[in-house]
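here is my input; please provide its structure:
(chains A, B, C and D)
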Number of protein chains: 2
Amino acid sequence: MGRPVGRRGESRARLLDAALALFAEHGVSGTSLQMIADSLGVTKAAVYHQFASKSDIVLAVASPVMDQMAAIADAADAAEDKSARFNLVLSGLVDLVLDNRASASALRRDPVLTRLLETNEDFRAVLARIDAILIGPSPSTEGRIALVLAGGSLMVSGMDPSLADVDRGTMRGVLISSMTRLLRP
Amino acid sequence: MGRPVGRRGESRARLLDAALALFAEHGVSGTSLQMIADSLGVTKAAVYHQFASKSDIVLAVASPVMDQMAAIADAADAAEDKSARFNLVLSGLVDLVLDNRASASALRRDPVLTRLLETNEDFRAVLARIDAILIGPSPSTEGRIALVLAGGSLMVSGMDPSLADVDRGTMRGVLISSMTRLLRP
DNA sequence: GTCTATACGCTGATAGAC
DNA sequence: GTCTATCAGCGTATAGAC
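As a prediction, the model looks like this:
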């Protein structure tokens, strides 16, 4: 409610929040710096004081998700057996989506963000680790398809407005059982 | 292959093909009329000779899909029993995606196209008919989630480049069985 | 951290010749 | 059907005052 700000990095965080919401709604290409500035009630120049370019904002928006996915893979690697690793990755991904809902899924949908992630070696490596845990190191064709289906359905589930009224616990349960059914036929 | 064209509407169809490919790759907002013109080897003015505005191109790109979905719903309504209707809609949607692969899924991913379809009453009605056939007229929360998951996974499966090498028959089989598993738990 | 002012390219779009 | 020429507006980005 009109917080007095002042803490270091707070206005930066507010900017990233606003940008993420706009990216989710209009896509990265469909979001101008003017829109971001307007939604914060400041001018474009104020935005440029925090980030040197629009690309930097896109990067800063994507990096927390990248970090969190790496953390999921790390946690899974520390687990005892294959089944535990599978469950850790699955619930980690589901929680990651549910923690962000509308916003997180935009990362996967948007062409600009998709390309950014695809061209990032670190992120590709993390994705490969997660994929290997979910369907094994040398998957069959059916396994590869299942992986894409599971990833895709997980992402859209966070975004779809028709599910906005569903409580988190229900979503979590249905998502985990559906993902499991897709990946472990 | 530098075909001599000449048939009526051919250049219009070529334009829509080019536009759809670019929309799928860069999103609607990320695609300029200049890009469409360049990919056809013509100028922007030539594009404007066929379509009065960019919105018209977006509409023209989306309408065949809308028509095909209406045809799917019509065919299903003509079927005898509930199970036949379910199977007709399911295989119709899978074939629709496989017929278009990369392109069709862009319709569901793109914010501009999504909004266009969401605000179109006719299309909403068709979608509602299809949804009702798949999960019944008054679905449970789980049914609604399953519907979103099925729709989302179907769309991304058409687009994902990692599945580009999978032959159509295999895709079709896995998609239909996966969709069924999601929708009929 | 925020502002005003400004530069300049590219966007969607129009007019009119061939 | 395609072209050249042109427009106003908005995009990203920068400079410098408060």
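
the bottom helix or strand of chain A by mean pLDDT?
helix A:102-109 (a mean of 78; mean pLDDT, DSSP states H and E).

got the angle for that one vs helix B:102-109?
170 degrees (axes from the mean of the first three to the mean of the last three Cα atoms, to 10 degrees).

pretty sure A:Ile39 contacts A:Phe23?
Let me fix one detail, which is that residue A:39 is Ser and not Ile. No - if you go by Cβ atoms under 8 Å, A:Ser39 and A:Phe23 don't touch, sitting 11.5 Å apart. (Glycine included, C-beta is placed from N, CA and C.)

can you tell me the closest non-neighbouring residue to A:Ala79?
A:Arg85 (4.7 Å; Cβ to Cβ, 6 or more residues apart in numbering or on different chains).

ok, the closest residue to A:Val148 other than its chain neighbours to B:Leu154 distance?
In space, A:Val148 comes closest to B:Asp160 once its chain neighbours are excluded; the distance is 4.6 Å by Cβ to Cβ, 6+ apart. The gap separating B:Asp160 from B:Leu154 is 11 Å, by Cβ to Cβ, to the nearest Å.

take the helix or strand that the least confident helix or strand of chain A is followed by, keep the C-alpha atoms, and write them as PDB.
Toward the C-terminal end, the helix or strand that comes next after helix A:102-109 (DSSP states H and E) is helix A:111-118. Only the C-alpha atoms of helix A:111-118 are listed here, as PDB (Å, rounded to 0.1, in the frame of the first residue of the first chain):
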ATOM      1  CA  PRO A 111       9.600 -16.900 -28.400                       C
ATOM      2  CA  VAL A 112      12.100 -14.400 -27.100                       C
ATOM      3  CA  LEU A 113      12.500 -16.100 -23.700                       C
ATOM      4  CA  THR A 114      12.500 -19.500 -25.300                       C
ATOM      5  CA  ARG A 115      15.300 -18.600 -27.600                       C
ATOM      6  CA  LEU A 116      17.200 -17.000 -24.700                       C
ATOM      7  CA  LEU A 117      17.000 -20.200 -22.700                       C
ATOM      8  CA  GLU A 118      17.800 -22.400 -25.600                       C
END
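
A:Ser39 and A:Phe23: which is more packed in?
A:Phe23 (26 against 16; other Cβ atoms under 10 Å in any protein chain shown).

please, which helix or strand holds that one?
Per DSSP H and E, the secondary structure element for A:Phe23 is helix A:10-26.

what's the neighbour count on the residue nearest to A:Pro139 when sequence neighbours are not counted?
Excluding the flanking residues, the one nearest A:Pro139 by Cβ to Cβ, 6+ apart is A:Leu147, at 7.1 Å. Using other Cβ under 10 Å, the number of residues around A:Leu147 comes to 20.

wait, A:Leu147 touches A:Ile135, no?
Yes - using Cβ under 8 Å, A:Leu147 is in contact with A:Ile135, at 5.2 Å.

which neighbours do these two share?
Common contact partners of A:Leu147 and A:Ile135 (Cβ atoms under 8 Å, 6 or more residues apart in numbering or on different chains): A:Leu183.

sorry, back to before: so which of B:Asp160 and B:Leu154 has more stuff around it?
Ranked by neighbour count (other Cβ under 10 Å), B:Asp160 and B:Leu154 place B:Leu154 first, with 26 against 20.

okay, the angle between whichever strand or helix holds that one and helix B:10-26?
Per DSSP H and E: B:Leu154 is located in helix B:141-159. Between helix B:141-159 and helix B:10-26, the angle comes out at 110 degrees (the same axes, to 10 degrees).

what packs against the very next helix or strand once past helix B:141-159?
In the C-terminal direction, the helix or strand that comes right after helix B:141-159 (DSSP H and E) is helix B:168-183. Applying 3 or more Cβ pairs under 8 Å, 6 or more residues apart in numbering or on different chains; DSSP states H and E, one finds that helix B:168-183 makes contact with helix A:141-159, helix A:168-183, helix B:82-100, helix B:141-159.

do any residues in the helix ranked longest in chain A lie close to DNA strand C?
In chain A, ranked by residue count with DSSP state H as the criterion, the top helix is helix A:54-77. No - figure legend: helix A:54-77 not in contact with DNA strand C (Cβ under 7 Å from any atom of the strand); closest approach 13.2 Å.
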